[in-house]
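**Student:** sequence below, structure please.
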Amino acid sequence: MDDYPLLNLFWTMLWFFLWIMWLFLLFKVVTDIFRDHSLNGWAKAGWLIFCIVLPYLGVLVYVIARGRSMGERDAKQAKENEAAFQAYIRNAAGTPGAGGGAGGGSATDELARLAELKDKGAITPEEFEKAKAKVLS
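**Tutor:** The predicted structure is shown next:
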């Protein structure tokens, strides 16, 4: 252990951590290149080649040049995922608003299904109360 002082171990860990962070950033940039619909095929190929041939410089230039739109695409994707999830829950709970609707069961069946969804955690207690009020009205 005298051959490798503690400070060198910390430096090694720091460099390893930075390398892992850079790999995550590289994968994020590559996925963003393919996800961006405003780029044509040649532009995507150019950015991809730039990031593969000169990886550190390519990723740095991409983040500087397209970082803001990269963040906007992430936010748009998160909103779309949330909307799809909420529509799925509304449809599964049988509440109107997402193309679903209370489908052909009695009020007792609907309440039982809503209680089961609430117990599973698929809907919040507030959503349960709203749906229950609609079923009972």
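**Student:** same for the helix or strand hosting residue 90, what does it pack against?
**Tutor:** If you go by DSSP states H and E, residue 90 is part of helix 55-93. For helix 55-93, the packing partners by 3 or more Cβ pairs under 8 Å, 6 or more residues apart in numbering; DSSP states H and E come out as helix 6-35, helix 41-53, helix 107-120, helix 125-136. All C-beta atoms are positioned from the backbone trio N, CA, C, and that covers glycine.
**Student:** give me the angle between it and helix 6-35.
**Tutor:** Direction vectors for helix 55-93 and helix 6-35, defined by axes from the mean of the first three to the mean of the last three Cα atoms, to 10 degrees, enclose an angle of 60 degrees.
**Student:** sorry, back to before: closest to residue 72 out of the helices and strands packed on helix 55-93?
**Tutor:** Nearest to residue 72 among the helices and strands packed on helix 55-93 is helix 6-35; the distance by Cβ to Cβ comes to 10.7 Å.
**Student:** could you give me the average pLDDT of that closest one?
**Tutor:** Per-residue pLDDT over helix 6-35 has a mean of 92.
**Student:** and it, how far from the chain's centre?
**Tutor:** 20 Å (Cα atoms, centre = their mean, to the nearest Å).
**Student:** out of the helices and strands packed on helix 55-93, which comes closest to residue 76?
**Tutor:** Counting by Cβ to Cβ, residue 76 lies closest to helix 6-35 out of the helices and strands packed on helix 55-93; the figure is 10.0 Å.
**Student:** could you dump the helices and strands packed on helix 55-93 to a markdown table with mean neighbour count?
**Tutor:** Below are the helices and strands packed on helix 55-93 laid out as a markdown table (neighbours: other Cβ atoms under 10 Å):
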| stretch | mean neighbour count |
| --- | --- |
| helix 6-35 | 12 |
| helix 41-53 | 13 |
| helix 107-120 | 15 |
| helix 125-136 | 14 |
